[in-house]
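Participant: heads up, no residue letters with this:
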Ligand code: ADP
Ligand code: MG
């Protein structure tokens with residue numbers, strides 16, 4: 001690979017400037033794709049930045065040089081073949097000390113009478129009746145081939161750095177394409193190029209920098225995106241294969257627990273639940289540890305799916321753990337588990353940071369001697385002191401709320417265990433793969449029968465209160481939720497406390513209770529139980545209720561300052577109502593309404609499809625903020641866009657699977673260049689042992 005400093009026109013000074021853009025070789029330069037393109041074909045006027053950009057080819061009819069006191073002005077009057085006129089102007093400060101230096105010398109030389117020149121500039125706002133005026137950004141002599149790098153075409157625009165102009169950068173890329181393109185290897189196997197109708201590497205590199213037209217540019221981008229995706233997904237695939245361990249235990253499907261469990265449910269599994277249970281069981285019975293993510297919308301019934309998996313482990317004499325991000329959720333799960341396991345010979349226990357002293361000691365002891373079959377809890381599960389006798393399945397609920405390390409810590413409580421992660425912030429499969437690397441995804445795609453979608457509207461506080469009164473009048477219950485303010489549970493608790501008085505005044509005939517994270521566990525439990533048993537009509541709360549609360553009689557939720565929530569959170573919150581058979585309402589009360597927040601909230605009103613909402617949320621807030629677990633560098637694509645190019649990503653995954661099935665170590669000569677590039681890109685971070 002040629003060093004960038006050896007490219008014609010670069011040298012050591014500019015080498016340092018290129019280094020700031022992480023360009024150290026000519027190849028890096030060729031893979032530094034344009035940030036944008038400008039249509040610089042004459043006659044095309046396009047808005048760029050704040051002005052209309054003009055590209056004009058004209059003959060110099062007249063020039064003016066006006067050396068005013070502090071400013072020098074140079075003007076060139078051009079006329080094109082059609083007789084259209086353009087006035088170009090340049091303004092320069094008169095230099096103080098270098099009296100003999102003329103800043104306009106170059107212009108005077110380049111704009112000689114009768115010469116044809118290309119000019120690119122911004123239109124001046126004040127229109128002269130007789131002539132158009134522009135201030136010129138770039139100009140190029142006509143009839144010179146090198147000018148056509150910059151004008152009369154779709155012109156690339158690059159992200160630049162101090163000292164490198166667009167003109168210089170384009171010239172360098174052009175020179176590199178002319179002189180060094182042959183050094184660029186085709187990394188994609190020919191069979192794939194054919195199958196996916198992709199441009200070859202040289203074709204694509206040329207076209208991505210200097211496209212002859214828009215379709216060619218699209219084809220080049222597609223090829224570049226595909227290449228990036230295939231390389232990254234191949235790295236995952238190889239990494240995963242080399243991590244594969246074999247289980248030293250195996251499962252049989254017995255019937256002593258699962259059958260009575262299913263018979264006692266009181267309802268049928270939905271078809272979707274059956275499908276994912278099968279997928280999970282097949283994983284558990286295979287000899288490779290499971291890494292599966294179960295995604296399903298709020299209320300789709302993930303808990304009993306997880307419970308089925310835990311029972312399969314118990315039936316085979318193993319232990320299972322279920323970890324949830326909050327105490328309330330862990331308690332709720334424990335309640336569900338014990339409820340469904342009534343009469344079965346399974347012992348479950350709850351471990352959170354509130355469990356202390358003797359009670360905790362007993363749990364730890366029973367866990368270690370195998371008395372406890374299922375342990376439900378919070379982060380407390382990953383403490384050093386927690387030791388299992390034979391843990392074989394870890395279930396992690398709302399997995400995106402845990403850090404990578406916390407998930408790994410639970411997984412490492414025992415060797416080669418099966419891991420099932422669950423999320424109600426569903427994301428498309430390709431995105432899931434992109435964010436979590438290679439894991440299997442199971443999706444519950446339907447809600448249990450009889451659910452009605454929650455009617456969601458954006459409204460005012462007073463309208464929301466009247467609607468709540470109406471529902472309360474029918475004997476139903478209501479939630480009033482306040483946002484978590486910038487990580488500060490304190491402020492949000494304050495808001496809850498302040499408004500609590502007010503709410504008592506608005507609903508004098510009804511009983512309201514308060515629920516927030518600053519309360520003691522016993523208090524929280526008491527309040528929850530009161531609400532569940534309808535001793536309270538209204539629950540005023542922080543988003544601690546986001547997950548886990550299951551009160552079928554609650555049919556209204558008022559969300560205060562709704563614009564402060566992420567869409568996915570609102571969707572989760574909304575899932576607390578609509579759990580029974582009555583029509584339910586989610587009333588979003590924005591504190592202030594900007595168009596953007598209105599647009600966001602509208603999405604929620606128009607769909608109850610958690611997949612759509614999750615995807616929109618991610619587009620609006622960026623994946624990092626939502627998933628926030630992986631090093632983002634790995635996911636920065638130069639050409640590809642995981643949203644817009646989801647189809648291309650899908651192809652890449654398909655082709656990757658076929659490629660690695662056929663040639664797992666990439667030893668065939670057809671894959672040599674691909675392998676070389678893969679190692680160059682990912683070896684350092686990922687140690688792709690099986691390749692080197
Ligand atoms: P989530 O996926 O949000 O965790 P849950 O597991 O909490 O959903 O289930 C929501 C509610 O639906 C629970 O009350 C659960 O008992 C109930 N449920 C789950 N599956 C079914 C089903 N197949 N038929 C009827 N109700 C179900
Ligand atoms: Mg759940």
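Facilitator: Ah, there it is. What you see is a predicted model; the values in this text were computed from it and never measured. Ligands and ions are numbered 1, 2, ... in the order given.

Participant: residues from this protein in reach of ligand 1?
Facilitator: Residues of the chain found near ligand 1 (CB under 6 Å from any ligand atom) are 267-270, 273, 296, 298-304, 424, 448, 550. Every C-beta, even on glycine, is put in place using the N, C-alpha and C of the backbone.

Participant: ChimeraX command to pick out the buried ones of the residues you listed?
Facilitator: Entered in ChimeraX, the line below selects the buried ones among the residues of the chain next to ligand 1, by 16 or more other CB atoms under 10 Å:
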select :269,270,273,296,298,299,300,301,302,303,304,424,448
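
Participant: Determine which two of the residues of the chain next to ligand 1 are furthest apart.
Facilitator: 268 and 424 (21.7 Å; CB to CB).

Participant: which strand of this protein spans the most residues?
Facilitator: strand 51-67 (DSSP state E).

Participant: Could I get the average pLDDT for that one?
Facilitator: Summarised as a single mean, pLDDT over strand 51-67 is 87.

Participant: Which strands and helices lie in contact with it?
Facilitator: strand 46-48, strand 71-79, strand 85-93, strand 116-123, strand 132-141 (3 or more CB pairs under 8 Å, 6 or more residues apart in numbering; DSSP states H and E).

Participant: what about the ones you listed, which gets the closest to residue 525?
Facilitator: Judging the helices and strands packed on strand 51-67 by CB to CB, what sits closest to residue 525 is strand 46-48, at 60.8 Å.

Participant: mean confidence score for that closest one?
Facilitator: Strand 46-48 comes out with an average pLDDT of 54.

Participant: swap in stretch 560-573?
Facilitator: For stretch 560-573, the per-residue pLDDT averages 84.

Participant: Same check on stretch 342-359?
Facilitator: 93.

Participant: now do stretch 578-590
Facilitator: Per-residue scores along stretch 578-590 average to 90.

Participant: buried ones in that stretch?
Facilitator: 578, 579, 580, 584, 585, 586, 587, 588, 589, 590.

Participant: what stretches of the stretch 451-600 of the chain score poorly on pLDDT?
Facilitator: 484-494, 546-548, 593, 595-596 (pLDDT under 70).

Participant: what about 50?
Facilitator: By pLDDT under 50, the low-scoring segments of the stretch 451-600 of the chain are 486-487.

Participant: How about the contacts made by the residue of it found nearest ligand 1?
Facilitator: Closest to ligand 1 within the stretch 451-600 of the chain is residue 550: 5.0 Å, counting by CB to the nearest ligand atom. Neighbouring residues of residue 550 by CB atoms under 8 Å, 6 or more residues apart in numbering: 332, 336, 579.

Participant: Which of the residues you listed fall in helices?
Facilitator: Judged by DSSP state H, helices contain the following of the contacts of residue 550: 332, 336.

Participant: if we can go back for a sec, just the ones in helices from the residues of the chain next to ligand 1, please.
Facilitator: 273, 302, 303, 304.

Participant: tell me the strands in the stretch 351-500 of the chain, going along the chain?
Facilitator: 374-377, 391-396, 418-423, 440-444, 455-458, 477-481 (DSSP state E, counting those that start in this stretch).

Participant: Any chance of JSON lines for the ones you listed, columns mean neighbour count?
Facilitator: Putting those into JSON lines (neighbours: other CB atoms under 10 Å) gives the following:
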{"stretch": "strand 374-377", "mean neighbour count": "26"}
{"stretch": "strand 391-396", "mean neighbour count": "26"}
{"stretch": "strand 418-423", "mean neighbour count": "24"}
{"stretch": "strand 440-444", "mean neighbour count": "21"}
{"stretch": "strand 455-458", "mean neighbour count": "19"}
{"stretch": "strand 477-481", "mean neighbour count": "26"}
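
Participant: and the ones you listed, which one's lowest on average pLDDT?
Facilitator: When I compare those, strand 440-444 is least confident, with a mean of 85.

Participant: partners of it in the sheet?
Facilitator: strand 291-296 (parallel) (DSSP bridges).

Participant: Take the helices and strands packed on strand 51-67 and lay them out in TSV including mean neighbour count.
Facilitator: Output for the helices and strands packed on strand 51-67, formatted as TSV (neighbours: other CB under 10 Å):
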stretch	mean neighbour count
strand 46-48	12
strand 71-79	19
strand 85-93	16
strand 116-123	20
strand 132-141	18
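
Participant: could you dump these to CSV with distance to residue 350?
Facilitator: As requested, the helices and strands packed on strand 51-67 are exported to CSV (distance: least, CB to CB, whole Å):
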stretch, distance to residue 350
strand 46-48, 62
strand 71-79, 79
strand 85-93, 76
strand 116-123, 68
strand 132-141, 68
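
Participant: Confidence-wise, which of those strands is weakest overall?
Facilitator: strand 46-48 (a mean of 54).

Participant: still on that earlier bit, between all of the buried residues of stretch 578-590, which two are at the greatest distance?
Facilitator: Spanning the widest gap among the buried residues of stretch 578-590 are 580 and 590, at 27.4 Å by CB to CB.

Participant: any idea of the mean pLDDT in stretch 149-167?
Facilitator: For stretch 149-167, the per-residue pLDDT averages 92.

Participant: What's the end-to-end length of it?
Facilitator: End-to-end distance for stretch 149-167: 9 Å, by CA to CA, to the nearest Å.
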